[in-house]
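A.B. asks: coords below, sequence missing:
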């Protein structure tokens, strides 16, 4: 097996960086990541707003008009006491027409079932289909209905057999979902995105040499085939912590503090190196972009799905590290990824050496 | 007739070639991967996605309470006596002492409490479902009925949600009141059936089932009955799943087409194809046809699989053509594989969000109809749409695709395909070849007309992105972006001519060129407005985008002045003058819009 000269690898890597720099289209990839971040956090902010109307100030002091129809019931009192709602009593047909015209936000119909009746109290709620405003009103009505349900349950409590283990939860003050989204999804996603891009990039770099026939010029230089491959792997690997680090800085600038940034970078670089090595193998095997990218992207979906289904996966570790709850497990996982990288790296070195040898004989 | 034969021949070649490329060792691997994918999906569905594991630390004094929350992997549960817990409260995000929850007053603590609250509700529901008297445990049932209503755009003039009028008196309906039957006071379902449903629904994750239900609605005996806890806000995000189901396969397949075009260029493989005595358009259509049919086939299979109406295919056709047109241009433009990857990923994300974003507002807002995806959402819901809706949603897709195909056909020759130039000069060259030297002004006129669909697409993208920002910002940003996009579109022809031959621009020619561009732009704008966008142009957003409906000479003067600024800047400073000129023109354009639309500067 040939030895790999670091100097030669560095020369190849430098050449690739120059190529990336002169094309400048890598900027599109960076722009894309920013776009995804903006877009997903926009969606999430929209979602949070819907689940928790109080988080959007514009909604918090608005009183929605709703119609109460049907018979007298304690529910009317609950609704009228709500500071968010303005209740109007009317007949059902008129109320539904008003709802269609969007003059009111919801219609509640209540039959006069007694609280301690044998039958359940069945009320009918008319709202607008798939509507944002309807969602906001639903959240408010839900809280009132939950309270009404609790009181009805208390009235009928003698008919119940089991009591749940009591846990008193204080009323929550504001939205907590944003935290879960940012640290539990956005951060690991953004930090691993450069790795995924890099592993696709390495396929392009290698298949290009095969398909453009530029490998022949390589033979006239002292750089071996394996060194050329490692140079490309190195280029793609260096790009990962650069981009992921930029993400961490950007997030921090947005007051999303990331704990253990260095450890996160170590994890993401090593994990991405594994993906890059797999991409390299695909590229060396197929030597043609369409096939290599197709097989790799399918394999990537499988790998990601499998990894995500395992506890203590690297993405989860990034989450844990970012919120500061990672324990010793991370070192075990890091060690396992490292071993996998070494094994794949060894196979790659053998394989690249074999290909290089065959080409030299020709 | 011979054109059809040519196309058929080339299509056959294309199929044969792509199979010969793909079959070498790919097919067996693809089958293995497919089997693996099914296995892994099953495994992931079984074990769940472990991305948020161990985010929160929880301290509990009672083992019975600890057991309640142990199954939630987001929590790491520590058990200790209450004295230790009280002393080390800071080490946990959340402690439960004698049944009372104390959360750290941090965002993390609040988030942990939210998660805990949902877990506890789920646990309680589990207990209540086991009660023998179900109507004592669940005394309140809600029958949810949804009512269809579509806003017209003029009602949401400023792009914000319409709230019910806050009048003091009881509102009186304007339309005819239709009789609504009084709902029956009882549930028509037995306790046992309800119990089963409750048990099932507490098992599954309603967030996920919501999406899967869009594709294959589950049969539920409960029908529209829910307990108050199950009353979840109707998230209008059904289209997310449609993007995954329909758009991703299309994107994937268009990649093969892109690559096939790129392969013709690498190592000049396409020379044989180009030397054929066949029209260029036949070559392009022939190469594209298999992919078009393949994508249509995939969509048909999906449609059949989810048992949806075949009408879904109609709005998908313009999407497919649009994807293919872009794949063709990207495949012809990129210099290297990595450039191809970057540009295509970028394009697909932007296109996907353009498709996906408006369709979130399906049923809410007419704006949603700018995306063909909305028509798909409507079809799946069983809502009908009209032919004019179809034109409204798809015209831009058809038009941009046709323009791109035209540019591609004009440039599908050896000189362009095998050139080694950089990306932006190549774009300029591509445009240059659709601007004939003999008739520069006519060409500029036509180019300006053809740029209109792209301008509208770009501006729509802006509208879509800024739609939900707080009001003054969305308007200001839209104003600037709309003006900039328009100015860039108008400048591109002149810039192309300028780089090709700076000496052409004597002052007389410069004025004539600007006039040709301005008139072409105005004509194009009017044509497209008449065709499609009258609905949007009624709103205040529309009045910024497509201001020039009223008087004709004012917008013409504006277009002329703006192009003239850019052109003069080019003449004075050379190629470097492009950006200063563009910025100056944008500022002028914005001022004009501010003055006429909003009357701010008066």
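C.D. replies: Sure, I can see it. Source: prediction; values computed, not measured. Numbers count the residues shown, from 1 in each chain, chains lettered A, B, ... in the order given.

A.B. asks: quick one: low-confidence parts of the stretch 101-250 of chain A?
C.D. replies: For the stretch 101-250 of chain A, residues meeting the criterion pLDDT under 70 lie at A:129-136, A:172-177, A:219.

A.B. asks: Which parts of it are helices?
C.D. replies: Per DSSP state H, counting those that start in this stretch, the stretch 101-250 of chain A carries helices over the ranges A:132-155, A:177-181, A:187-211, A:215-219, A:225-253.

A.B. asks: now these as TSV including mean neighbour count and distance to chain B?
C.D. replies: C-beta coordinates here come from the backbone N, C-alpha and C atoms, glycine included. Rendered in TSV, the data for these read as follows (neighbours: other CB atoms under 10 Å in any protein chain shown; distance: least, CB to the nearest CB, whole Å):
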stretch	mean neighbour count	distance to chain B
helix A:132-155	20	4
helix A:177-181	21	4
helix A:187-211	23	4
helix A:215-219	13	12
helix A:225-253	21	10
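
A.B. asks: Of the ones you listed, which is nearest residue A:278?
C.D. replies: Proximity to residue A:278 (CB to CB) singles out helix A:187-211 among those, at 6.9 Å.

A.B. asks: how far off helix A:225-253 does the closest one point, in degrees?
C.D. replies: Orientation of helix A:187-211 against helix A:225-253 (axes from the mean of the first three to the mean of the last three CA atoms, to 10 degrees) gives an angle of 150 degrees.

A.B. asks: how distant is helix A:187-211 from the center of its chain?
C.D. replies: Distance of helix A:187-211 from the chain centroid (CA atoms, centre = their mean, to the nearest Å) equals 19 Å.

A.B. asks: Next: stretch B:2-9.
C.D. replies: Stretch B:2-9 sits 36 Å away from the centroid of its parent chain (CA atoms, centre = their mean).

A.B. asks: Give me the residues contacting it.
C.D. replies: The set of residues that contact stretch B:2-9 without belonging to it, under CB atoms under 8 Å, 6 or more residues apart in numbering or on different chains, is B:278-279, B:282-283, B:285-286, B:289.

A.B. asks: Select from those every entry located in helices.
C.D. replies: Assignment to helices by DSSP state H places the following of those there: B:282-283, B:285-286, B:289.

A.B. asks: As TSV, these with neighbour count would be great.
C.D. replies: Compiled in TSV, those are given as follows (neighbours: other CB atoms under 10 Å in any protein chain shown):
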residue	neighbour count
B:282	21
B:283	21
B:285	19
B:286	22
B:289	18
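
A.B. asks: can you list these in CSV and add pLDDT and distance to residue A:207?
C.D. replies: As requested, the ones in helices among the contacts of stretch B:2-9 are arranged in CSV below (pLDDT from 0 to 100; distance: CB to CB, whole Å):
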residue, pLDDT, distance to residue A:207
B:282, 88, 30
B:283, 89, 25
B:285, 91, 28
B:286, 91, 26
B:289, 93, 26
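
A.B. asks: Just put these in TSV and tack on distance to residue A:74.
C.D. replies: Formatted as TSV, the entries for these read as follows, by distance: CB to CB, whole Å:
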residue	distance to residue A:74
B:282	76
B:283	76
B:285	71
B:286	73
B:289	68
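
A.B. asks: circling back to that earlier point, any idea which of the helices of the stretch 101-250 of chain A gets closest to residue B:438?
C.D. replies: For these, proximity to residue B:438 was assessed by CB to CB; helix A:187-211 is nearest, at 39.3 Å.

A.B. asks: name the helices or strands packed onto the closest one?
C.D. replies: Using 3 or more CB pairs under 8 Å, 6 or more residues apart in numbering or on different chains; DSSP states H and E as the contact test, the elements touching helix A:187-211 are helix A:26-51, helix A:225-253, helix A:261-286, helix A:289-309, helix A:314-323, helix B:337-359.

A.B. asks: State which strand of chain B is the longest.
C.D. replies: Under DSSP state E, the strand in chain B containing the largest number of residues is strand B:140-147.

A.B. asks: what's in contact with it?
C.D. replies: Outside strand B:140-147, the residues within contact range by CB under 8 Å, 6+ apart are A:96, A:99-100, A:120-130, A:145, A:148-149, A:152, B:183, B:187, B:224-228, B:231, B:234.

A.B. asks: ok, of those residues, which come out buried?
C.D. replies: If you count burial by 16 or more other CB atoms under 10 Å in any protein chain shown, the buried members of the contacts of strand B:140-147 come out as A:96, A:99-100, A:120-130, A:145, A:148-149, A:152, B:183, B:187, B:225-228, B:231, B:234.

A.B. asks: so how many other residues sit close to residue B:62?
C.D. replies: By the other CB atoms under 10 Å in any protein chain shown criterion, the neighbourhood of residue B:62 contains 16 residues.

A.B. asks: Okay, angle between the longest helix along chain A and helix A:261-286 too, please.
C.D. replies: Here the longest helix in chain A is taken by residue count, with DSSP H as the criterion, and it is helix A:329-361. Angle of helix A:329-361 versus helix A:261-286, following the same axes, to 10 degrees, is 30 degrees.

A.B. asks: how much does helix A:329-361 deviate in direction from helix A:314-323?
C.D. replies: Between the direction of helix A:329-361 and that of helix A:314-323, the angle (the same axes, to 10 degrees) works out to 130 degrees.

A.B. asks: ok, the residue in the stretch 401-550 of chain B that chain A sits nearest to to residue B:338 distance?
C.D. replies: Ranking the residues of the stretch 401-550 of chain B by distance to chain A (CB to the nearest CB) places residue B:423 first, at 6.4 Å. Distance from residue B:423 to residue B:338, counting by CB to CB, to the nearest Å: 12 Å.

A.B. asks: These two - which one has more neighbours?
C.D. replies: Legend: neighbour count by other CB under 10 Å for residue B:423 and residue B:338, higher for residue B:338 (23 against 17).

A.B. asks: Touching, the more buried one and residue A:206? I think so.
C.D. replies: No: with contact defined as CB atoms under 8 Å, residue B:338 and residue A:206 do not form a contacting pair (10.7 Å).

A.B. asks: and residue A:204, what does it touch?
C.D. replies: Counted by CB under 8 Å, 6+ apart, residue A:204 has contacts A:289, B:336-338, B:340-341.

A.B. asks: Likewise for residue B:521?
C.D. replies: When contacts are counted by CB under 8 Å, 6+ apart, residue B:521 is found next to B:448-449, B:451-452, B:486, B:489-490, B:559.

A.B. asks: For the residue nearest to residue A:91 when sequence neighbours are not counted, grab the count of nearby residues.
C.D. replies: Spatial nearest neighbour of residue A:91, excluding adjacent residues (CB to CB, 6 or more residues apart in numbering or on different chains): residue A:69 at 6.1 Å. Each residue near residue A:69 was counted by other CB under 10 Å, and the total is 22.

A.B. asks: Residue A:69: which element?
C.D. replies: Counting by DSSP states H and E, the element that carries residue A:69 is strand A:64-70.

A.B. asks: relative to helix A:132-155, how tilted is whichever helix or strand comes after that strand?
C.D. replies: Following the chain from strand A:64-70 toward its C-terminal end, the next helix or strand by DSSP H and E is helix A:74-81. For helix A:74-81 against helix A:132-155, the angle between stretch directions is 130 degrees (the same axes, to 10 degrees).

A.B. asks: and the gap between the residue nearest the centre of chain A and residue B:346?
C.D. replies: Note on chain A: the residue nearest the mean C-alpha position is residue A:185, at 3.8 Å, using CA atoms, centre = their mean. Using CB to CB, we find residue A:185 at a distance of 22 Å from residue B:346.

A.B. asks: likewise residue B:559?
C.D. replies: Separation of residue B:559 from residue B:346 (CB to CB): 30 Å.

A.B. asks: And residue B:461, by the same measure?
C.D. replies: 13 Å.

A.B. asks: Ok, residue A:306 next?
C.D. replies: Distance from residue A:306 to residue B:346, counting by CB to CB: 28 Å.
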